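# Fold the following for me, if possible:
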Amino acid sequence: MAKLLFKLGRWSFHRKWVVIVLWLAALAGVAGAAVTFQKPFSNEFSIGGTPSIDATYTLVEKFPEGGNPVNAAGVNVVFAAPAGERLEDPHNSAAIDKVVTHIRDNLPDLTGTERFGNPVEVSPALQQGVIEMMTEQGLPEESARDDAENLAMLSDDGRIGYTTFTIDVPSSMDVTDEHRRIVNAAMDLGRAEGIEVEAGGAGFGDPIEVKTTSEIVGLAIAFVVLIVTFGSLVAAGLPVLTAVIGVGIGALVIIIATAFVELNNITPVLAVMIGLAVGIDYALFILSRYRAERQRMPADEAAGMAVGTAGSAVVFAGATVIIALAALTIVNIEFLTAMGLSAAFTVFVAVLVALTFIPALLGVLGDRTFKGRVPGVAGNPVRRGRGVSRTSERRRRPTMGNRWVRFVRRVPGLVMAVVVLTLGALSYPALNMELSLPSDSTSNLDTTQRKSANLLAEGFGAGINAPFLVIVDADDVNPDAPALQPLVRAQEAMAPEGETVDRREAAVTASYMYTVGQLKNVGGVKHAQLVGMNPDTNGAQILVTPFTGPDEQYTTQVSHALREQGAQIADATGAAIGLTGLTAVQMDITERLSEAMPVYLGIVVGLAVFLLLGVFRSVLVPLVAGLGFLLSVGAAFGVTVLVWQEGLWDLVNTPAPLISFMPIFLIGVTFGLAMDYQVFLVTRMREHYINLRVKSHENPDPDVPRAVSKLDALEESTIVGFTRGARVVTAAALIMIAVFIAFIDQPLPFIQIFGFALGVGVFFDAFFVRMALVPATMFLLGNATWWIPRWLNRLIPRMDIEGTALEKEWEARHAAEQLHRKEMEKHEQV
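So this is what the prediction gives:
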């Protein structure tokens, strides 16, 4: 592969304008296609094959006129009177009327108005109607009053009330800014009258806003890091330029994909975040190698050699990231699959751009690539006196990387202990990690959605924000079920004299009553009540209200208990019981992700060990790399929990459970990036180690491969390889951290958390694991670092990502050319 990439690099160098025009044409083409075919992104997290989704299908089948409640764009408008007042006070009730009237008169697509209106008037009428209907059906008056109380729209103290309606659009993602504007204007009318008015619900989420400042800030910091790395304004701009082109193409293709599949609205954000980071890093690695190779070979061959050597590592690292992201498909969750594949495609484009666009730009710039030098930076000369330029003395001093690795060599055990203990301690809070999907209850404290959820919880209990909907399918009910006989006989006793009760119909009705009674007895359930039967009377809906809110772990336990109770009801009656509703769907997604995480973690770590076996021909290097990855990702989880879930030092204004898919996505991305640094750093060590071992065969003392060295081959190769790679890896890590951390400025909490988690994950992995733990273990293990059994060495395929064969071929050809030149010179002299 290295030889093929060498040819690609040289071809791109010589055919520079062809390459540049092709990439710019590709960018323009996908931009035009994106404008033509794009469709809106979704704000939903689609998933299939879960119990709640299956129950939703049953609900839609039995109640087709009601649509899919999971997709319904429901809106809750919550009112609160000033302290010491009640909503029924005339001036407060009049204020509510203004809000309700404005919505009724101005909001298009208004539907689902059964409970819409002034709660001061609607709530008593609704409750009385429930009591009359239930008692007419033979339900005890006490139970009827309990059901009516659970549907109350006014709190017991009369200070808080709410109304609810639905916007008649296909799903909540189709709610427009005009819809939101009308509701906001209505709320302002009530606020102007002195009452508190807030709104929430699936149909009133804030539109997804992505600030472009995050990318700009990340790119600006990356540019500064590149200046410090190369000491050149021109060279610093090349990786930024290529990354922007690569990410632009990747993001635009994702937009085009919306014409064919439904994509979540954070899909392109994550792809851009990851694509920018890897795009800059990959170009940095190739450009850095070009600068080193340019000192010994012509520009075109230096470009080819950079792509053949560093480019081989880029291909391997990029493939690792792509595999880790694409492997998210094994979780079998639609939105996560889309995120992983979208980000993987963006990384793929970034790799192609780095391999071809960078050498093409080198062909255009030539020796001007490293112009625009910044004095005193990256070994550039500094001016002293009257315009006299002298080489900085720091250029002859050991680099910071060299000083660090020599320190690690002196105390490897201490360094290893500090890293393991520190990362282990930081991982501990991850044991208390709580996961959920975004909801009104987890929105920022200063949003109207969070305020509405808090008011509802205050007035009616936290469970009002986490209702479950139980669907009963009575098609296969058993009329002779012993559990139903008391209720069947009760219906027979209530029948008018002379009328015969159909036992099957009685058993169907009895199954509904039996289910309600059994669900009321489930721990954590505040109330359960029958809220609807279909015209065919073979399906019913039961509203179950828990005591706790949607973001509390106890609510998840309640959902498990409801399902267990449902299974027992099904066994006892023959009726099929399903649990659905937005709360149940979100909990199923969270649990599916939690269950998949250990499997995915095992797959990516196993993949890392296998690939690194092929690259480094060592047993211990892959094991250290894999264990180090577990430490770094554990510490990233722990710190993220401390800051974003537990609210450490009040660094965030809204501590809340972490978004459900953050852990598994963090594992995939951090794994890929960790392998990047492992490859780029350790390949330098292995390359030098192999060269020393080859030379040692000609040296009588194998422990002194070169007369100028007092170190053995392992120690010298570790020091030299680390010194050569540390500067570039440090720059690459700082760039990635800057790009990720810049996304904390985004308005959406889950994007902020992603940026933070990825940033600290890269920090721990690059600086604690790759640049401390890895060299420390090498010094401790000695030559055993590169041990591999012969049978395994034969079994594992070889991967020459260092480009060793390519360099040997070039050196042989270069030596032959020099010999031929000398012979020609001698011939001319003769």
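# From here on, just use CA atoms for contacts and neighbour counts.
Fine.
# Which stretches in this protein count as strands?
Ranges of strands in the chain, per DSSP state E, are 73-80, 110-111, 160-167, 196-200, 382-384, 388-390, 435-436, 468-473, 525-533, 539-546, 576-580, 658-659.
# now what about stretch 638-651, what contacts it?
For stretch 638-651, contacts defined as Cα atoms under 8 Å, 6 or more residues apart in numbering pick out 426-434, 652-658, 753, 756-757, 760.
# Emit the ChimeraX select command for whichever of those residues are buried.
Buried residues among the contacts of stretch 638-651 (16 or more other Cα atoms under 10 Å), as a ChimeraX selection:
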select :426,427,428,429,430,433,434,654,655,656,657,658,753,756,757,760
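# Can you flag which of the contacts of stretch 638-651 belong to helices?
Among those, the residues falling in helices (DSSP state H) are 426-427, 753, 756-757, 760.
# which one of these is nearest residue 573?
Distance to residue 573, by Cα to Cα, is smallest for residue 753 among these, at 46.7 Å.
# my read: the closest one touches residue 744, true?
Yes: counting by Cα atoms under 8 Å, residue 753 does reach residue 744; the two are 7.0 Å apart.
# for the stretch 451-600 of the chain, which spans come out with low pLDDT?
Judged against pLDDT under 70, the low-scoring parts of the stretch 451-600 of the chain cover residues 498.
# how about 50 then?
Low-confidence regions of the stretch 451-600 of the chain, defined here as pLDDT under 50, do not occur.
# what about the helices in it?
485-494, 503-520, 553-573, 582-616 (DSSP state H, counting those that start in this stretch).
# Could I get the pLDDT score of residue 120?
pLDDT for residue 120: 93.
# Ok, residue 44 next?
According to the prediction, residue 44 has pLDDT 62.
# Specify the beta-bridge partners of the residue nearest to residue 164 when sequence neighbours are not counted.
Spatial nearest neighbour of residue 164, chain neighbours left out: residue 76 (4.6 Å); criterion: Cα to Cα, 6 or more residues apart in numbering. Residue 76 has these beta-bridge partners by DSSP bridges: residue 164, residue 200.
# Number the residues from 655 up from this point.
Right, with 655 as the first residue, what we last looked at is residue 730.
# Just give me the neighbour total for residue 730.
When neighbours are defined as other Cα atoms under 10 Å, residue 730 has 22 of them.
# And for residue 763?
Applying other Cα under 10 Å, we find 12 other residues in the vicinity of residue 763.
# Not counting residues beside it along the chain, what's closest to residue 892?
Residue 892's closest residue in space is residue 1012 (Cα to Cα, 6+ apart), at 7.3 Å.
# Would you mind giving the strands of the chain as TSV with distance to residue 1384 added?
As requested, the strands of the chain are exported to TSV (distance: least, Cα to Cα, whole Å):
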stretch	distance to residue 1384
strand 727-734	48
strand 764-765	57
strand 814-821	52
strand 850-854	45
strand 1036-1038	24
strand 1042-1044	27
strand 1089-1090	33
strand 1122-1127	50
strand 1179-1187	54
strand 1193-1200	51
strand 1230-1234	49
strand 1312-1313	29
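# Could you list the low-pLDDT ranges of the stretch 1355-1484 of the chain?
Residues of the stretch 1355-1484 of the chain that meet the cut-off, pLDDT under 50, sit at 1355-1363.
# gap between residue 868 and residue 1393?
Separation of residue 868 from residue 1393 (Cα to Cα, to the nearest Å) stands at 8 Å.
# who's more crowded, those two?
residue 1393 (31 against 20).
# Could you pull up the residues touching that one?
Per Cα under 8 Å, 6+ apart, neighbours of residue 1393: 868-869, 871-873, 875-876, 927, 930-931.
# Ends of stretch 793-812, what's the gap?
28 Å.
# List the buried residues for it?
So for stretch 793-812, counting by 16+ other Cα under 10 Å, buried means 798-809, 812.
# Same question for stretch 1215-1232.
1215-1217, 1219-1221, 1223-1224, 1226-1232.
# out of these, who's nearest residue 1421?
Comparing the buried residues of stretch 1215-1232 against residue 1421 with Cα to Cα places residue 1215 closest, at 45.7 Å.
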